[in-house]
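> my questions concern the predicted model and sequence given below.
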Amino acid sequence: GRYEILSALGEGQYGNVWLAVGEVPGRHGQPGKRRTVAVKRLRDDADAESLRLLGQEFALLDQVKHRSIVRVYEYLPNERAVVMEAVQGLPLRGVIDSCNQAREPIPTEAVIEMVCEIADGLYQAYTSPGDNGEPLALVHRDLKPENIMLTPTGEVKILDFGLARVGNAEFTREDPRWIKGTPIYMAPEQARGEELDHRADLFALGLI
């Protein structure tokens, strides 16, 4: 699109995330603004289901507004890409591993702040109304330390809603027997392929 790629940020099973700079479109008649962004792009050989999920991820995050949930700017279907907020910081996994190596616990006060902030973001994701006025009933379904970013200014950001399950009638209802997520952080009902709701995310948060 209109974005200049600066560097690679990460690589996953279905695509890559790039650091880029460009003009994101304005909202509600406002002019666009030049920003540093993250571009999540599927590989050319990604299947149709992966493309559907990418479009769904954008549509969901475009409707959920919370300081702890990454903001999205633009969906580029021809590029198989979503343009979103670039989050500077360190994954929670890195913080946990560093503390373990140093044999130092993360301070309790910091843990409480992080957990409360993540829980508040998950609540907003689950209860935010969709375009039809009904709650999105959005469940992240892959909450783990690798998908939580801590910024230098003390913010907590929840990343990667690519496997999210949504209960709003506006979105395609998927077969609940499709088991998605990271096994070590799954709630029992998620691992069994049963119906799930926001409590699955709270279970994962408790394990974290």
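In hand now; what should we look at? For clarity, every value in this text was computed on a predicted model and none was experimentally measured.
> correct me, but residue 16 touches residue 38?
No - Residue 16 is beyond contact range of residue 38, at 10.6 Å (criterion: Cβ atoms under 8 Å). In this view, the C-beta of every residue, glycine as well, is placed from N, C-alpha and C.
> those two: which is more packed in?
The neighbour comparison of residue 16 against residue 38 (other Cβ atoms under 10 Å) goes to residue 38, with 20 against 15.
> and the residue lying closest to that one once chain neighbours are set aside, what does it touch?
Take residue 38 and drop its neighbours on the chain: the residue closest to it by Cβ to Cβ, 6 or more residues apart in numbering is residue 86, 4.5 Å away. Neighbour list for residue 86: 19, 35-38 [criterion: Cβ atoms under 8 Å, 6 or more residues apart in numbering].
> which of the residues you listed ranks first by neighbour count?
In terms of neighbour count, residue 37 stands highest of the contacts of residue 86 at 24 neighbours, by other Cβ under 10 Å.
> farthest pair within the contacts of residue 86?
Using Cβ to Cβ, the contacts of residue 86 span at most 11.3 Å, a distance reached by 19 and 35.
> which residue of this protein lies farthest from its centroid?
Distance from the C-alpha centroid of the chain, by Cα atoms, centre = their mean, peaks at residue 103 (30.0 Å).
> what does the pLDDT read for that one?
Listed pLDDT for residue 103 reads 96.
> what about it, which SS state?
Under DSSP: H, G, I helix; E, B strand; the rest coil, residue 103 falls in the coil class.
> could you pull up the residues touching it?
Under the criterion of Cβ under 8 Å, 6+ apart, residue 103 has no neighbours.
> where's it relative to residue 61, distance?
38 Å (Cβ to Cβ, to the nearest Å).
> also residue 54?
Separation of residue 54 from residue 61 (Cβ to Cβ): 11 Å.
> and the one helix or strand residue 94 maps to, what's buried?
Taking DSSP states H and E as the definition, residue 94 sits inside helix 92-101. For helix 92-101, burial by neighbour count (16 or more other Cβ atoms under 10 Å) applies to 92, 95.
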